[in-house]
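# below: sequence and its predicted model.
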Amino acid sequence: MEASLFDELQQTIQSAGPAQAIDRLCAQLRERKDYGSLFYAMLLKKRHELGVSPLPTGPSSELPEKVLDDYEEGIRVAGRLVGGLFLEEGNLAQAFSYFKMLNELEPVRAALEKYELPEGQDAQPIIELALHHGAHPRRGFEWVLDRFGICSAITAMGSYLNGSNFPHGTQARDDCLKVLIRALHTQLVQRLHYEITRKEGTAPETQSVTELIAGRDWLFDDDNYHVDVSHLSSVVQMSAPLGKCAELKLLRELCAYGQHLSPQFMGRGDPPFEDTHKDFGHFYDVLDGAQVEEGLAHFRQKAENPDPDEPGNPAAEVLVNLYLSLNRPADALAAARQYLVGADERNLTCPNITELCRKVNDYRTLAEVAKERGDAVNFLAGLIAAKA
């Protein structure tokens, strides 16, 4: 700042008063594009208007109650203005800091949705903002795929899913998974098209993996494969949290492709998905509403014959969750009643029997299970609730 501005501000206070001096400062800061200082100058203006100390001596919560709401609204007004000015300048990172403070990320999300990453530009800062800081996870994940490929995208997604929770919520997690599924499916279709065209002389029209491999066992001769088999396995496994969506059909096609691979590429997964592509194929069939009873029977058979060397009965837990996904809570309770009575409920991946009894309003079953467990408290609670 030039010394002349300080002299001007002092003269303005003396001649026109503090309010005029503050307005003059705000105008100068905006003209100079010193938006960070403008934010604090606008807060100074608000404090002066409210008749409180021009200097923030503590958190806003320490202000007199009668002015607190007005001051917090002043913060929101200043934050929106300054965040918007940074957006106009294309400074998304600075804009994000203000809109995040206000918990109003939509303006930054809208800007990121339209943003096109220039060729040759370092992608890491914008990815850091969009994906890792949560400004627009799906868009950031798309840039990871575009710049660094499927392998890096799977690694990034896996690092999140290996933690306790995806840090930006289930919707953002699902959006990123869908992007990854579509990318791998597209890559597989393109490579199958290339092989079929080279062999048969004409390009197939279908984009369905199932249709492309039907009657073409030669595609898998000599242990051949068309996408990285570890990528295929990873995407199939990490997509399990998805609910009903269009991408389930693509997952089913990926599983169908995986079942044609050489046995050497079919690594053993965790129960009840030991045969990764076959077991997940049944799983995604049920979620997608295809061959439902066949898929349920597949996991029911596994639940009836759990691996004695494995803890619990993971197939039964999957079965319960599948029934719930089909809005069949009574069947879910029956499965839990049959297979999970002795399970350690602290480690279940599905609702426990008590929760299921509440869901279907069947407290007699709760009392029966409690009696079998020697749990007098829940036995009596179940009897009382059933009577009620």
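Arrived safely. Numbers count the residues shown, from 1 in each chain.

# from now on I want contacts and neighbour counts done on CA atoms only, so please keep to that.
Will do.

# the host helix or strand of Glu73 packs against which elements?
Per DSSP states H and E: Glu73 is located in helix 65-88. Counting contacts by 3 or more C-alpha pairs under 8 Å, 6 or more residues apart in numbering; DSSP states H and E, helix 65-88 packs against helix 35-50, helix 92-101, helix 106-114.

# run the last query once more with 7 Å
Packing partners of helix 65-88 (3 or more C-alpha pairs under 7 Å, 6 or more residues apart in numbering; DSSP states H and E): helix 35-50, helix 92-101.

# so which of those helices comes closest to Ala290?
helix 92-101 (42.3 Å; C-alpha to C-alpha).

# tell me, what residue is most central in this structure?
Residue closest to the average C-alpha location in the chain (C-alpha atoms, centre = their mean): Arg173, at 1.4 Å.

# for that residue, give its distance to Leu326.
For Arg173, the distance to Leu326 (C-alpha to C-alpha, to the nearest Å) stands at 22 Å.

# likewise for Ala3?
Using C-alpha to C-alpha, Ala3 is found at 72 Å from Leu326.

# higher neighbour count, those two?
Shown here are Ala3 and Leu326; by other C-alpha atoms under 10 Å, Leu326 has more neighbours (15 against 7).

# against Arg252, how distant is the more buried one?
From Leu326 to Arg252 the distance is 17 Å (C-alpha to C-alpha).

# again, but for Glu116
Distance from Glu116 to Arg252, counting by C-alpha to C-alpha: 32 Å.

# neighbour count winner among those two?
Neighbours were counted for Glu116 and for Arg252 using other C-alpha under 10 Å; Arg252 has more, 24 against 9.

# excluding residues flanking it in the chain, which one is nearest the more buried one?
Distance criterion C-alpha to C-alpha, 6 or more residues apart in numbering; nearest residue to Arg252, sequence neighbours excluded, is Gly281 at 5.6 Å.

# ok, how many other residues are close to the residue nearest to Phe86 when sequence neighbours are not counted?
Leaving aside its sequence neighbours, Phe86 sits nearest to Ala95 (C-alpha to C-alpha, 6+ apart; 5.1 Å). When neighbours are counted by other C-alpha under 10 Å, Ala95 registers 24.

# quick check, pLDDT for Ala95.
pLDDT, Ala95: 98.

# right, and it touches Leu81 too?
No. Counting by C-alpha atoms under 7 Å, Ala95 stays clear of Leu81, with 9.8 Å between them.
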